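Colleague: Next comes the sequence, and after it the predicted model I'd like to discuss.
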Amino acid sequence: MTYFADVRTLARKDLLLELRARDTLPSMLLFVLAVFVIFHFALPAKSSDRAATGLLWVALVFTALLALGRAFVPEREQRVMDALVLAPCDRSAIWLAKSIATFAFLATAELVALPVFALFFHGLGGAAIAGVALANVGICTVGTFVGATAVLTRARELLAPLLFLPLAIPLIVGGVGASVVAHPGRYLAFLALYDVLFALLCWAAFEYVVVE
């Protein structure tokens, strides 16, 4: 099998597991919608659009944590992580497939969440949507790498967010900037650069992480 065939097979496996179990996506939707409802009533009536946009990005990052926290749960619960690592395929294909599946979950949740946000607060322009899409790539690639690092540790539920959230700060900065400034090009370029650099680093280092 070729590299991309391996990635397709592994990503299809994760998507089919979610379609059957229905664990990750419903919890993401419930969480992000509950957060928007709480923010809608908690924010003062005259709050600025910039404040609401900042809360949007906080909600999206913590919603992504739900997906990232469950990325390697099936392998851990069924004790097949070692078998997956020993499979005759490039180990970085595991990381890429998990990232693609997580991206699919996050994008699906956002298809519901973003219109709800626009209904409760304010509309989102094309630059804001592009910022969300670029940030999703960074969240999923970096978050999957961090999840693989923490999956076999005893305090994985605590360690994964502690490792991921500092790495997500540049994504929040770039996403908020792209959403609120008049000329968002530099923020979108910053997000794209982050995605490329960290995707290459995660792709190159993933084999050493899972082997150790």
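Modeller: That came through fine.
Colleague: thought residue 192 was touching residue 134?
Modeller: Yes: when contacts are counted by C-beta atoms under 8 Å, residue 192 is listed as touching residue 134 (5.8 Å). All C-beta spots, glycine's among them, are computed from the backbone N, C-alpha and C.
Colleague: between the two, which one's more packed in?
Modeller: residue 134 (23 against 15; other C-beta atoms under 10 Å).
Colleague: just checking, next helix/strand downstream of the helix or strand hosting the more buried one?
Modeller: Assessed by DSSP states H and E, residue 134 sits inside helix 126-150. Using DSSP H and E, the helix or strand that directly follows helix 126-150 along the chain is helix 156-180.
Colleague: Against which helices or strands is that following helix packed?
Modeller: helix 49-69, helix 126-150, helix 185-211 (3 or more C-beta pairs under 8 Å, 6 or more residues apart in numbering; DSSP states H and E).
Colleague: quick one, which of these is packed in tightest?
Modeller: Most buried of the helices and strands packed on helix 156-180 by mean neighbour count (mean count of other C-beta atoms under 10 Å) is helix 126-150; its value is a mean of 22.
Colleague: Report the angle between it and helix 49-69.
Modeller: 30 degrees (axes from the mean of the first three to the mean of the last three C-alpha atoms, to 10 degrees).
Colleague: Which elements pack onto helix 126-150?
Modeller: Counting contacts by 3+ C-beta pairs under 8 Å, 6+ apart, helix 126-150 is packed against helix 49-69, helix 92-120, helix 156-180, helix 185-211.
Colleague: Any chance of the ones you listed in a markdown table with mean pLDDT as columns?
Modeller: Shown next, in a markdown table, are these (pLDDT from 0 to 100):
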| stretch | mean pLDDT |
| --- | --- |
| helix 49-69 | 87 |
| helix 92-120 | 91 |
| helix 156-180 | 88 |
| helix 185-211 | 90 |
